[in-house]
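Peer 1: here is my input; please provide its structure:
(one chain, ligands or ions: 2)
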Amino acid sequence: MGTALIYDEEMTKYKLLWVDPACKIETPERLTVSYEALVRNALAERCISVPVREATNSEILLVHSEEYLEAVKKTPYMTLEDLKEFTLQYGDVYFHPNIYHCAKLAAGSALQLVDCVMTERVRNGMALVRPPGHHSQHSAANGFCVFNNVAIATRYAKQKYGVKRVLIVDWDIHHGQGVQYCFEDDPSVLYFSWHRYEHQTFWPQLRESDYDSVGKEKGAGFNINVPWNQVGMESSDYLSVFCHVLLPVAYEFCPDLVLVCAGFDSAIGDPEGKMCATPEIFAHLTHLLMNLAGGKLCVVLEGGYNLTSLAQSVCQTVQTLLGDPLPRLANLSGPCRSALESLQCVRSAHRQYWSCLKHAASLPPADISTKRIKLAEEEAKTEVGEEEKSTEEKVWPEPPKRFSPPVRCASVLPDDVTRPDGCKRLGADQDVNPLTASKLKDDDCDTLSRVITLVEKMEQNEICSGLALVCDVTVAMTQVVQHLTPDPVNRVLIVCVGNGKVPSHITRDGKTLVVQINSEETEDQNSKYYIPVFLKKGCSDTSGFMHAVFGLILPLGYEYDPNLVLLVRMPDSGVCDAVWQQLTGLLQSFAKGHTLVLMQENEKAFVGPTTSVLLGDPAPPLENRQAPNTEDLNVVERLRDRLQVNWNLLQTTSECTG
Ligand SMILES: COCC(O)(O)CCCCCNCCCN
Ligand SMILES: [Zn+2]
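Peer 2: Ligands and ions are numbered 1, 2, ... in the order given. Model (predicted):
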């Protein structure tokens with residue numbers, strides 16, 4: 001199944017007709033540069049072009065009041081003076097004779113996206129729209145928004161397709177208060193938003209944008225606000241929030257559909273956001289959402305005002321929706337102190353609602369945040385002057401090209417195992433490098449030499465990922481590590497699922513990082529590069545396992561930044577299909593998708609499901625799960641506490657930073 005792209009140049013045909021410094025950044029060029037970049041990078045042609053349509057009155061009334069709709073309906077016939085007059089009743093927004101038409105098209109585009117995803121005409125898709133939507137409210141336009149495109153799409157999906165749970169992820173740098181107001185008492189819609197806040201001194205300066213707005217009545221726990229109290233946030237800060245807040249909660253919520261309020265003013269260079277995350281981050285944020293809801297993902301454009309970072313970020317997002325390998329995120333540091341404070345506050349505020357956060361630390365000591373509030377208010381006063389002046393141009397490297405290797409997935413299988421279609425068999429002997437064959441001494445040497453050849457072709461980017469059935473995974477793992485080209489930058493992340501002895505020498509000199517999830521205590525090799533995760537209930541406990549994936553494996557993987565991932569299924573691991581597929585999908589975040597899966601010969605039943613994920617299919621949703629058992633949560637928390645001195649992305653509280 002493909003990726004939908006919805007765009008129509010009609011939505012570029014309105015603009016600001018008078019002087020208003022607050023609104024001048026919202027221009028038609030935002031849409032044209034985004035679409036032209038998709039065309040120039042040969043991404044638009046790979047998408048399924050879906051036409052726009054106007055949202056109908058009844059669809060708009062799913063969210064907005066009749067009087068508001070009736071008032072907006074009059075704007076096409078207004079004089080310039082009337083339009084100015086009409087605009088005055090709202091904040092930071094402007095009207096234009098054609099904006100009502102475009103607002104219906106923007107909302108209609110989101111509905112088209114929902115239709116083609118829910119009818120499985122496409123797997124996922126993106127709508128490039130303006131006017132944006134997430135600030136508009138029941139009876140008010142606000143923040144460049146007229147109709148709340150994503151809120152309307154959410155209500156539409158529930159009404160037309162009986163969708164039970166919708167996750168809305170709002171990565172725009174402004175708080176989508178319009179979406180929050182819509183669903184704050186609705187437990188069937190989980191709204192997640194991060195936003196520049198600076199202790200309520202940044203627009204829209206709302207008290208209810210802070211982390212303690214968790215939702216109301218039945219909706220308590222289903223509204224997650226992550227306030228950024230400083231500018232300059234980077235990819236590390238964003239990934240920490242995804243790993244330690246959004247993903248664990250999203251997987252526990254188990255949505256049937258995911259919508260993204262995709263504002264790219266959270267990218268580096270944006271005059272509104274003043275953040276420092278480079279455009280590649282959106283490739284990862286998109287990918288981390290693609291194994292939820294069976295891959296049903298609708299991305300709708302919101303903000304984004306730096307035309308260069310906007311266009312690059314849109315391309316990164318669409319290229320990931322198309323299934324291309326992700327770019328590596330170089331030298332991630334760790335979350336900054338302010339981000340850790342926000343992280344700790346959000347996790348603490350939601351501890352009582354989500355079992356994955358049950359062990360979250362309590363609020364940071366009040367004095368820290370109150371002191372910072374004072375500072376922020378001081379800065380806010382002086383800042384205003386500077387802000388106008390210092391629009392220093394941020395520069396960042398253009399995102400690297402993301403090539404798809406000619407072979408997406410190759411396999412080394414015993415002759416009696418049928419090879420799944422789409423997965424190339426690593427050929428007969430002509431493929432095998434005779435040199436390596438001779439070096440291997442083992443009864444399984446034919447298989448092993450083909451595995452080594454497979455890895456060599458991955459290193460040369462001829463093959464993206466691989467899967468091998470071998471007679472002893474530990475031997476195979478060891479051979480692979482030993483035969484890697486002795487290149488100092490070669491770093492291998494090895495994820496071992498299940499019990500079994502991992503040879504200690506394999507973690508020598510930091511060229512490999514081994515994380516082993518098992519159900520029996522292994523003697524602790526107390527090496528920074530060997531991390532045993534002992535789960536009492538073992539790999540069969542979905543909740544505990546996934547808690548280790550989000551709380552440990554993902555952060556470690558991002559910080560380690562390997563150029564190869566080995567996913568090893570130890571004998572009798574007990575891990576279930578769906579969890580195994582989720583892990584396989586999530587590990588493709590690293591090493592540009594160069595994942596080699598090693599399994600025992602008798603596990604041939606898992607070849608098909610594993611290959612489908614390696615080929616880019618979404619992993620099936622994990623059924624709604626019981627709470628993780630306390631023991632296992634404890635294990636992960638204790639491990640995190642111990643390891644975070646060495647691995648900063650494991651941090652979740654501000655106390656720990658010196
Ligand atoms: C959903 O619309 C996308 C958006 O969130 O980016 C809108 C931002 C409105 C920002 C209004 N203040 C502008 C002050 C100018 N310095
Ligand atoms: Zn925004």
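
Peer 1: show me where the stretch 351-500 of the chain dips below the pLDDT cut-off.
Peer 2: Scanning the stretch 351-500 of the chain for pLDDT under 70 picks out 367-371, 380, 382-392, 427-443.

Peer 1: the residue in the stretch 201-350 of the chain positioned nearest to ligand 2: which element?
Peer 2: Proximity of the stretch 201-350 of the chain to ligand 2 (Cβ to the ion) peaks at Gly303, 2.9 Å away. In this view, the C-beta of every residue, glycine as well, is placed from N, C-alpha and C. Assessed by DSSP states H and E, Gly303 sits outside every helix and strand.

Peer 1: nearest residue to it in space, please, no chain neighbours.
Peer 2: Sequence neighbours aside, Gly263 is the residue nearest to Gly303 in space, at 3.7 Å (criterion: Cβ to Cβ, 6 or more residues apart in numbering).

Peer 1: is it true that that neighbour touches His175?
Peer 2: No - when contacts are counted by Cβ atoms under 8 Å, Gly263 is not listed as touching His175 (10.5 Å).

Peer 1: coming back round to it: pull the number of nearby residues for the residue nearest to Gly303.
Peer 2: Burial of Gly263 is recorded as 28 neighbouring residues (other Cβ atoms under 10 Å).

Peer 1: from ligand 1, how far off is it?
Peer 2: Applying Cβ to the nearest ligand atom, to the nearest Å, the value for Gly263 to ligand 1 is 5 Å.

Peer 1: remind me which residues of the protein are low pLDDT?
Peer 2: Residues of the chain meeting the criterion pLDDT under 70: 367-371, 380, 382-392, 427-443, 508, 524-526, 624-626, 656-658.

Peer 1: now do the domain split for it, please.
Peer 2: Following automatic domain parsing, one finds the domains of the chain at 2-393, 407-650.

Peer 1: quick one: end-to-end distance for the longest one.
Peer 2: Taking Cα to Cα, to the nearest Å, the span from the opening residue of domain 2-393 to its closing residue is 37 Å.

Peer 1: now swap in stretch 594-606 and tell me
Peer 2: 19 Å.

Peer 1: and for stretch 125-138?
Peer 2: 27 Å.

Peer 1: ok, it near ligand 2 or not?
Peer 2: No - for a cut-off given as Cβ under 5 Å from the ion, stretch 125-138 has no contacts with ligand 2; the smallest distance is 7.4 Å.

Peer 1: Cys409: helix or strand, and which one exactly?
Peer 2: Using DSSP H and E, Cys409 sits within strand 407-412.

Peer 1: show me what that strand packs onto, helices and strands only.
Peer 2: If you count contacts as 3 or more Cβ pairs under 8 Å, 6 or more residues apart in numbering; DSSP states H and E, strand 407-412 packs onto strand 424-425, helix 445-459, strand 463-470, helix 607-614.

Peer 1: for these, which one sits closest to ligand 1?
Peer 2: helix 607-614 (33.9 Å; Cβ to the nearest ligand atom).

Peer 1: which of the residues in the closest one are buried?
Peer 2: By 16 or more other Cβ atoms under 10 Å, the buried positions in helix 607-614 come out as 607, 609-614.

Peer 1: likewise for stretch 112-130?
Peer 2: Buried, per 16+ other Cβ under 10 Å, within stretch 112-130: 112-118, 122-130.

Peer 1: end to end, how far does that stretch reach?
Peer 2: 15 Å.

Peer 1: are it and ligand 1 in contact anywhere?
Peer 2: No - figure legend: stretch 112-130 not in contact with ligand 1 (Cβ under 6 Å from any ligand atom); closest approach 8.9 Å.

Peer 1: report the contact partners of whichever residue of the stretch 51-200 of the chain sits closest to ligand 2.
Peer 2: When scored by Cβ to the ion, the stretch 51-200 of the chain has His174 as its residue closest to ligand 2, at 3.5 Å. Residues counted as contacts of His174 (Cβ atoms under 8 Å, 6 or more residues apart in numbering) are 134-135, 143, 195-196, 203-204, 263, 265, 272, 303.

Peer 1: would you turn these into JSON lines with distance to Leu564?
Peer 2: Putting those into JSON lines (distance: Cβ to Cβ, whole Å) gives the following:
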{"residue": "His134", "distance to Leu564": "40"}
{"residue": "His135", "distance to Leu564": "44"}
{"residue": "Gly143", "distance to Leu564": "45"}
{"residue": "His195", "distance to Leu564": "37"}
{"residue": "Arg196", "distance to Leu564": "37"}
{"residue": "Trp203", "distance to Leu564": "45"}
{"residue": "Pro204", "distance to Leu564": "46"}
{"residue": "Gly263", "distance to Leu564": "34"}
{"residue": "Asp265", "distance to Leu564": "35"}
{"residue": "Glu272", "distance to Leu564": "39"}
{"residue": "Gly303", "distance to Leu564": "37"}
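
Peer 1: which of those fall in strands?
Peer 2: Members of the contacts of His174 lying in strands (criterion: DSSP state E): 195-196.
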